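Student: A structural model of the following input is requested.
(2 chains)
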Amino acid sequence: MKYITMFSVNMFYGDKPIIRNFYYTWKANHTVLITGPSGSGKTTLLRLIAGLIPPSSGKIDASQNLTIGMVFQAPRLLPWKTAWQNVALPLWNQGVSSKKAEKMARQILKEFNFEEAADYFPSKLSGGMAQRVSLARALVIKPDVLLLDEPLNGLDAETKQGVIHILQRYLNNNETICICVSHYPDELLPLAKEHLYFAGNTLKGGEI
Amino acid sequence: MDVKITRHPSRYIFLGVGVLLGIWWVLSILAGPLLISSPFATFSSLIAMLNDRSFYENIFWTVYRIGGILLFAGTGGIILATLALFDKRLMEALEPFRWICMTVPPVVIIVVIMFWMGVGSNMIIVFGSVILWPIMYVNILQGSRIYTEELRETARVFKISPAMRLRHFFLPAIAPSLFAGAVQVICSAIRATVLAEVLGTEKGVGAAIAIHARLLNTERMTAWVIVVLFLAIASEFLLLRPILRRTYRWRDVS
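Tutor: Just a heads-up that it's a prediction; the model follows:
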């Protein structure tokens, strides 16, 4: 069983406490939605889970060799790679052959209604298009842990529905620890089994 | 300002060349052939030089020295910049050297190097390398800023291997600056080589210019200046533009 457990995690930026004494076990097939005002610590929590920053104190324990797919608030695409190459990059890294990686990248972009722009460089993509490429990049490797930081940023209403549908189908078919951060809980609630929200430096909430 | 790197020179370049030739021709009439040889006399002289074996020998020596400078200044700048990126202390320690090499007038540096090494190809290559390595060094350091913390984090999240990071993240990020540095180094290497040859050798394009200047053979001297121009143009159109076009492909699409 895949898990990530946080034991008494505290996080400070300078003297300012961001997260205080947080215990939690993130499990597969149990998508958690985290909300809260700007600067409350949502992204910091995702960065802790992703291993990008260490906690100020406390411990984070996880099952072995978890692969992580992450969607950042900004798409963070490589400007010198086309859309499909950006998606294929994590596959190349896993040793998938160039041809197979291209096929898989184009296939997932097709699911995001993106096949026509697959050969565009990021400079030619709108914010919403780039965000979809970023989502495709996170999903293409079928990660054990899917971290979504405002995944619907920059998407119009129709595209949001399409993306939520893809995410829902993905989470139903894969054993994934999914943690989703958003300002706007309503749109992503259908994905979640649990809703946590920041109240001061602590997380509150529970099963939906 | 965005400069599009084109495959072929535009007609306005030819127009500029025509205007330049016209000005040159008028000045040659006004100043007389001893000071400024006419375009016709210069190109006739150049064609005559093509049958002379020493013409090719001089070009060989100049190209050899330019190649040596590019090798040492280019690789030196790349290696030092790469090490400096890994260790900020080294970057700071290199600052005085970079500053000296970039700010002391080249003529002072060449006099000192000639004093130590005498004249010849080695002196020219050392001189060119000393004054030009900082160009490549600075360009790579500036280019590395495109490899932002955000891209580094992305690579870490997706557990991209070091080799893949180098190939797909770091090298493409610095490539435009690397090649911009290469353009500057090549152009400057041609200038530095010819300058050093004028001062300190018997063979090479610069030496030929110096000899014909001393003999007041204006036509030949100007013909050799044209050869320098051809060397610069050839290096730009045959070597640099094709590389730059490929490197900037992702920027040109916007």
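Student: only C-alpha atoms for contact and neighbour calcs from this point on.
Tutor: OK.
Student: how about the contacts made by B:Ile135?
Tutor: For B:Ile135, the residues meeting the contact criterion (C-alpha atoms under 8 Å, 6 or more residues apart in numbering or on different chains) are B:77, B:181, B:184-185.
Student: and it, what pLDDT?
Tutor: pLDDT for B:Ile135: 93.
Student: what residues are up against A:Pro90?
Tutor: Here A:Pro90 is in contact with A:137, A:141, B:158, B:160 (C-alpha under 8 Å, 6+ apart).
Student: now the first one: how far from chain B?
Tutor: The reference is to A:Arg137. 10 Å (C-alpha to the nearest C-alpha, to the nearest Å).
Student: please report phi then psi for A:Leu52.
Tutor: phi -80, psi -30 (degrees, to the nearest 10).
Student: surely it meets B:Arg156?
Tutor: Yes - shown here, A:Leu52 and B:Arg156 form a contact pair, counting by C-alpha atoms under 8 Å, at 7.4 Å.
Student: just the ones of the contacts of B:Ile135 in helices?
Tutor: Applying DSSP state H to the contacts of B:Ile135, the entries found in helices are B:77, B:181, B:184-185.
Student: for these, work out which two are farthest apart.
Tutor: B:Gly77 and B:Gln184 (12.7 Å; C-alpha to C-alpha).
Student: can you say which of the ones in helices among the contacts of B:Ile135 are buried?
Tutor: B:77, B:181, B:185 (16 or more other C-alpha atoms under 10 Å in any protein chain shown).
Student: so what pLDDT did B:Phe127 get?
Tutor: According to the prediction, B:Phe127 has pLDDT 94.
Student: list the contacts for residue 82?
Tutor: By default, I'm working from chain A. A:118-122.
Student: top of these by neighbour count?
Tutor: Counting neighbours by other C-alpha atoms under 10 Å in any protein chain shown, A:Pro122 leads these with 27 neighbours.
Student: my guess is it meets A:Ala130, correct?
Tutor: Yes - under the criterion of C-alpha under 8 Å, A:Pro122 makes contact with A:Ala130 at 6.6 Å.
Student: what's the overlap in contacts for the two?
Tutor: A:Leu77.
Student: near chain B, from the contacts of A:Thr82?
Tutor: A:Phe121 (C-alpha under 8 Å from any C-alpha of the partner chain).
Student: inside strands: which ones of the contacts of A:Thr82?
Tutor: Among the contacts of A:Thr82, DSSP state E puts none in strands.
Student: would you map the helices across the chain?
Tutor: Went with chain A since none was named. Using DSSP H, helices in chain A cover A:42-50, A:83-93, A:98-111, A:127-140, A:157-173, A:185-188.
Student: ah, no, chain B please
Tutor: Going by DSSP H, chain B shows helices at B:11-31, B:39-49, B:53-69, B:75-86, B:88-103, B:106-117, B:121-143, B:149-157, B:162-164, B:171-200, B:205-214, B:218-234, B:241-247, B:249-252.
Student: around chain A, pick out the residues from the stretch 101-250 of chain B.
Tutor: B:150-151, B:153-154, B:156-158, B:160-161, B:164, B:169, B:172-173, B:250.
Student: redo those residues as CSV? Include distance to A:Asn113, neighbour count and pLDDT.
Tutor: Shown next, in CSV, are these (distance: C-alpha to C-alpha, whole Å; neighbours: other C-alpha atoms under 10 Å in any protein chain shown; pLDDT from 0 to 100):
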residue, distance to A:Asn113, neighbour count, pLDDT
B:Glu150, 27, 15, 89
B:Leu151, 26, 17, 90
B:Glu153, 28, 17, 92
B:Thr154, 24, 21, 93
B:Arg156, 28, 17, 93
B:Val157, 26, 18, 93
B:Phe158, 24, 22, 93
B:Ile160, 27, 21, 94
B:Ser161, 30, 14, 93
B:Met164, 29, 17, 93
B:Phe169, 27, 23, 91
B:Pro172, 28, 23, 87
B:Ala173, 29, 22, 86
B:Trp250, 23, 18, 69
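Student: and which of the residues you listed is nearest to B:Pro106?
Tutor: Taking these together and measuring to B:Pro106 by C-alpha to C-alpha, the closest member is B:Ala173, at 31.4 Å.
Student: so who does the closest one touch?
Tutor: B:Ala173 neighbours (C-alpha under 8 Å, 6+ apart): A:80, B:143-144, B:146-147.
Student: ok, the closest residue to chain B within chain A to B:Asn122 distance?
Tutor: Using C-alpha to the nearest C-alpha, A:Trp80 is the residue of chain A that sits closest to chain B, at 5.2 Å. Using C-alpha to C-alpha, to the nearest Å, one obtains 40 Å as the distance from A:Trp80 to B:Asn122.
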